[in-house]
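Novice: whatever this is, show me its structure:
(one chain, ligands or ions: 1)
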Amino acid sequence: MLKLFSSHHVASRFKNRSSHKLARRAFLSTLTDTVVALPILRKPLIPGFYMPLYVKDPKVLAALQESKKGQAPCAGAFLMKDDKDPSTASSSSSFETVNILDKLKGKDLLNKIHQVGTLAQVHTVRVFLFSSLPFMIQNIYNPFHMCPFFLCLQDKPYHKDDKVIIKATYSEVISMLRDVLGTTSLWKDQVQTYTQACSLHICLLLWEHLQAIQRVESLPFWFNLSLYINCETELFFFLCQTGKIICLSGPPGVGKTSIARSVARALGRKFFRLAVGGLSDSSEIKGGRGVYIGAAPGKMVQCLKEVGTENPLVLLDEIDKVGKNTRRDPEGALLELLDPQQNAHFLDYFLNVPIDLSKVLFVCTANDTDKISDPLLDRMEVIELAGYTADEKMQISRDYLVKTVQRKCGIKPEQVDVSEAALLSLIENYCREAGVRNLQKQIEKIFRKIALKLVRQQASSEEAMADLKSSGEGSIEMLHEYLRLADVLQVFEYAVGGVPTSEKSRAVAENFMIDESNLADYVGKPVFLGEKIYEQTPLGVVMGLAWTSMGGSTLYIETTFVVKAKVMKESAEIAHTVARRVMFDKDPKNLFFSNSKLHLHVPEGATPKDGPSAGCTMITSLLSLAMKKPVRKDLAMTGEVTLTGRILKIGGLKEKTMAARRSQVKVIIFPEANRRDFEDLEESIKEGLDVHFVDEYEQIFELAFGYDH
Ligand SMILES: Nc1ncnc2c1ncn2[C@@H]1O[C@H](COP(=O)(O)OP(=O)(O)OP(=O)(O)O)[C@@H](O)[C@H]1O
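Specialist: Have a look, this model is predicted:
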């Protein structure tokens, strides 16, 4: 890709260009193989641009003077890799960067600059650079920081058809730039600040593409990326400033804590996790009054002590589980903590001095925002995180979980292959959950067992066999002892995050293929074998869809006759009333409800039995029994019903749809008010489902019973 050019080659590169480049050609034609390397800070010098530099170092000035004699004066401008480095910190602007030449010599300098820079013409000695072309540095020698060898990077020729793409992409980039400049003035400054960091990377990456088409094609991607990053960061800044506390709400294991950690990293803030689930006493937050024995400062003081900065990101984890039935008012302490009006003077009872918490960024997590008290919820901006689809879990496990766990176990990628079918089976038959925590546990189980096998293999093949040979009688017991020890060591090392097997043992290891056929050897028998209990639901039985803080699930509502009537909960009572009315409208002669004592039951203990969204399912189940007619095959429904038969909106539509798919449901009935939620779902979730949206129970009646089979 790169060629080493003599000055003649460099000049020939410009042979057919337009006349205004003749001067540059003349400059290049006089070039020798040695130039002064000038490190610059913050912004690279882009070919075709000017940059003033303030050169203080007399040796460098002398070298530049020297370069003027007998040839075009030139220098190589190279961007410093990390200008936060203390050795370069004294230079405050990109114009002063040449000072650092005093501090960094030869190889040290070479390591700290990007190898691709620009060859620049020096116009005056105090110093004005005009950049001509990219080139790559090869070496630097002392004492004048001369680059004795360098490579000029040459554009590769492009096909004439590429011209169209280049032109179209160019227009796209111009329009994107217009968008950036059209950003509201409120955001403009910050967009500019964040774009600087991104554009630096854009420049460097673009530079290294030697084909014009590659450079141009990657432009929109980088612009979009920098805009995206800016907008994300802006959103957080925006929320943190207009005093809102962000609350990430969703089922367990969907990545709420991980997101908060990433946000802290992205914003360059220290991260502190404060588990407030089960908090029962305000003194845990506000500290104990010094007069009591055992009193200590509160968690916020401990947090500030640990992070050592005034602006950490503090994660209040599981805020929906703060103790409620207590007179020690933990919620009051949290309110004080989260209220921007009060937290600038937060009083810790132990220290008895006000502490300024106004710069702390609070992020909360909750599984169920319904359980957060209104005054607390009022101070939060809730961001809902839905559960993952099977496809998403597949991607997460393949691209992240398997690789991470395998690395933690010290196993090489080529030693284990977990097939896609095995991962899918884990997702569907072992861990039905909204998040991926259990999936991660199962993958860890597989890799732990493989690591154990590797340790055993090592033990039996090498040391133990050697011991066995040398020690004669009683050595079998010793081998067993060794194996037991190896097991314990492996488990222990894994638990503390170490690498369980030595390099030596890996060298002799066999390769492992995990697929559906041997999955059970590693993780046991499947835990779930389908939620579907009935092929064809019998009389009085209808499938409903439920949503819990663990995700979505299907449930059956069953109704039957009993000798003595049971006391019904409210939603069942409403269902009974509506079912009676519907029956009276449809068939006044049917006296089933007047004459029967009923028992309504929801099998499967894990699902909430009195959830309002089971209303329409209960009515349908009662009517099925009354009319002695089962509902249509493969049907599931969800929706809250009013006494007048109106169907109201439900929550957790995505999770419910995924649960229905798992149970091979073909037809789903949702409230009309949820139509938009359904339309927003990914195609892979909606595919193949016959979904009906209803706002009156009448419509459900037709869909459930108006069939011929
Ligand atoms: N999108 C994802 N990609 C990779 N790993 C993920 C993803 N989402 C979750 N995880 C993994 O799942 C595990 C649980 O994530 P995390 O603790 O952030 O979830 P959570 O929503 O905070 O759960 P909880 O409500 O139980 O506290 C972590 O090991 C995390 O790495």
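Novice: who's in contact with stretch 621-630?
Specialist: Contacts to stretch 621-630, defined as CB atoms under 8 Å, 6 or more residues apart in numbering, come from residues 536-542, 557-561, 575-576, 579, 582-583, 587, 590, 592-593, 596, 598, 600, 631, 701, 704-705. Backbone N, C-alpha and C define where each C-beta goes, glycine included.
Novice: helices or strands up against whichever helix or strand Glu284 is part of?
Specialist: Per DSSP states H and E, Glu284 falls inside helix 283-286. Applying 3 or more CB pairs under 8 Å, 6 or more residues apart in numbering; DSSP states H and E, one finds that helix 283-286 makes contact with helix 299-307, helix 330-338.
Novice: deepest-packed of those helices, please.
Specialist: Across these, the average number of neighbours (mean count of other CB atoms under 10 Å) peaks for helix 330-338, which reaches a mean of 21.
Novice: if we can go back for a sec, and the helices and strands packed on helix 283-286, which one is worst for confidence?
Specialist: Least confidently modelled of those is helix 330-338, at a mean of 87 by mean pLDDT.
Novice: tell me the helix or strand right after that helix.
Specialist: Per DSSP H and E, the helix or strand that comes after helix 330-338 is strand 346-348.
Novice: surely Thr271 is in contact with Asn311?
Specialist: You called it Thr, but residue 271 is Phe. No - contact between Phe271 and Asn311 fails when scored by CB atoms under 8 Å: they sit 11.6 Å apart.
Novice: give the residue spans of the stretch 101-250 of the chain that score low on pLDDT.
Specialist: 101-110, 123-167, 169-241, 243 (pLDDT under 70).
Novice: taking it, what residue is nearest to the ligand?
Specialist: Residue of the stretch 101-250 of the chain nearest the ligand, by CB to the nearest ligand atom: Gly250 (6.1 Å).
Novice: now for that residue: which residues touch it?
Specialist: Per CB under 8 Å, 6+ apart, neighbours of Gly250: 256, 367, 384-387, 434-435.
Novice: of Phe271 and Asn311, who's got more company?
Specialist: The neighbour count for Phe271 versus Asn311, taken as other CB atoms under 10 Å, is higher for Phe271 (19 against 15).
Novice: could you report the neighbour count for the nearest residue to the more buried one once chain neighbours are set aside?
Specialist: In this structure, Phe271 finds its nearest non-sequential neighbour in Ala264, 3.9 Å apart by CB to CB, 6 or more residues apart in numbering. Counted with other CB under 10 Å, residues neighbouring Ala264 total 19.
Novice: may I have stretch 584-600 as PDB, with CA atoms only?
Specialist: Extracted C-alpha coordinates of stretch 584-600, given in PDB (Å, rounded to 0.1, in the frame of the first residue of the first chain):
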ATOM      1  CA  PHE A 584     -78.100 -11.600  28.300                       C
ATOM      2  CA  ASP A 585     -77.600  -9.500  25.100                       C
ATOM      3  CA  LYS A 586     -76.600 -12.500  23.000                       C
ATOM      4  CA  ASP A 587     -79.000 -15.100  24.400                       C
ATOM      5  CA  PRO A 588     -81.500 -13.900  27.000                       C
ATOM      6  CA  LYS A 589     -82.700 -17.500  27.500                       C
ATOM      7  CA  ASN A 590     -79.300 -18.700  28.700                       C
ATOM      8  CA  LEU A 591     -79.700 -18.700  32.500                       C
ATOM      9  CA  PHE A 592     -76.200 -20.100  33.200                       C
ATOM     10  CA  PHE A 593     -75.000 -17.200  35.300                       C
ATOM     11  CA  SER A 594     -78.200 -17.100  37.400                       C
ATOM     12  CA  ASN A 595     -78.100 -20.800  38.200                       C
ATOM     13  CA  SER A 596     -74.300 -21.500  38.500                       C
ATOM     14  CA  LYS A 597     -71.800 -21.300  41.200                       C
ATOM     15  CA  LEU A 598     -68.300 -20.700  39.700                       C
ATOM     16  CA  HIS A 599     -64.700 -21.000  40.500                       C
ATOM     17  CA  LEU A 600     -62.300 -18.900  38.400                       C
END
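Novice: show me what the strand or helix carrying Leu600 is packed up against.
Specialist: Element membership for Leu600 (DSSP H and E) is strand 598-601. Counting contacts by 3+ CB pairs under 8 Å, 6+ apart, strand 598-601 packs against strand 551-561, helix 570-586, helix 615-627.
Novice: do the helix or strand that contains Ile443 and the ligand meet?
Specialist: Counting by DSSP H and E, the element that carries Ile443 is helix 437-461. Yes - Helix 437-461 lies within reach of the ligand by CB under 6 Å from any ligand atom, at 437, 440.
Novice: before we move on, the earlier item: adding distance to the ligand, write the helices and strands packed on helix 283-286 out as CSV.
Specialist: Formatted as CSV, the helices and strands packed on helix 283-286 follow (distance: least, CB to the nearest ligand atom, whole Å):
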stretch, distance to the ligand
helix 299-307, 18
helix 330-338, 18
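Novice: output the ones you listed as JSON lines; include the columns distance to Ile450.
Specialist: Shown next, in JSON lines, are the helices and strands packed on helix 283-286 (distance: least, CB to CB, whole Å):
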{"stretch": "helix 299-307", "distance to Ile450": "37"}
{"stretch": "helix 330-338", "distance to Ile450": "45"}
